[in-house]
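K.L.:
Here's my sequence, what's the structure:
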Amino acid sequence: MRRRNARQRRQRRGFTLIEVLIVVVILGILAATVLPQFTASAEDAKESSAVQNLQTLRGQIELYRLQHRGKYPGDGSTAAKDFLDGMLLSSDESGTTGPIGTKPLGPYINRQFPPNPFSGASGVKIVTDVAAAVPDDSKTDSWFYNPATGRIKLNWSGLAADGVTKIADL
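P.N.:
Numbers count the residues shown, from 1 in each chain. Reported below is the predicted structural model:
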């Protein structure tokens, strides 16, 4: 009987240190292979959102021009507010804006201006040359816009998933 109790004491329930270390190493290897895929997916989603926002904005700016005798929103102004009002409020053919529903045209963008998916900002910076505008990773200005030409681009300096094309220049 004595031997049986001694044997039972030696047989402990649980894992040895080596078994636990092996499990931790395996989990570490799995995490190292899976996490980069999630990071890449997040970047791809941001890029896709940026491209879609850019296409939508360009389409709505062109629609505004067609309905306002060839003038772009904010034409003749250097204030971003004039551009945003033209896109977010109702307007008439001359470009005079008013609350939603008080003028026959617009709004061209519902509720709010789309944010930059990389910075979260939704502000607009008025520039005279959109192509030459240098992205500055601003936390307030997410778009560069030229009211004389209607050209708009994203204020972001990163590369797209292909490593070559800049989203801002699409």
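K.L.:
max-length strand in the chain?
P.N.:
Longest strand in the chain, counting residues (DSSP state E): strand 141-146.
K.L.:
ok, residues contacting it?
P.N.:
With C-beta atoms under 8 Å, 6 or more residues apart in numbering as the test, strand 141-146 has contacts from 57, 74, 80, 83, 113, 115-116, 119, 121-130, 133, 151-156. Every C-beta, even on glycine, is put in place using the N, C-alpha and C of the backbone.
K.L.:
From the residues you listed, which land in helices?
P.N.:
Judged by DSSP state H, the contacts of strand 141-146 include 57, 80, 83 as members of helices.
K.L.:
List the contacts of Ser49.
P.N.:
Applying C-beta under 8 Å, 6+ apart, the residues near Ser49 are Pro117.
K.L.:
for it, helix, strand, or coil?
P.N.:
Of the three states, Ser49 takes helix under DSSP: H, G, I helix; E, B strand; the rest coil.
K.L.:
I'd like the distance between it and Val24.
P.N.:
Using C-beta to C-beta, to the nearest Å, one obtains 37 Å as the distance from Ser49 to Val24.
K.L.:
ok, of the contacts of strand 141-146, which come out buried?
P.N.:
Neighbour counting by 16 or more other C-beta atoms under 10 Å classes 57, 74, 80, 83, 113, 115-116, 119, 121-127, 130, 133, 151-156 among the contacts of strand 141-146 as buried.
K.L.:
any idea which residue sits dead centre in this structure?
P.N.:
By C-alpha atoms, centre = their mean, the chain has its centre lying nearest to Pro117, at 1.3 Å.
K.L.:
Give the full set of residues in contact with it.
P.N.:
If a contact means C-beta under 8 Å, 6+ apart, then Pro117 has 45-47, 49-50, 53 as its contacts.
K.L.:
Give me the pLDDT value at the residue nearest to Asp136 when sequence neighbours are not counted.
P.N.:
Nearest residue to Asp136 in three dimensions, chain neighbours excluded: Asn155, at 6.7 Å (C-beta to C-beta, 6 or more residues apart in numbering). Per-residue confidence at Asn155 stands at 87 (pLDDT).
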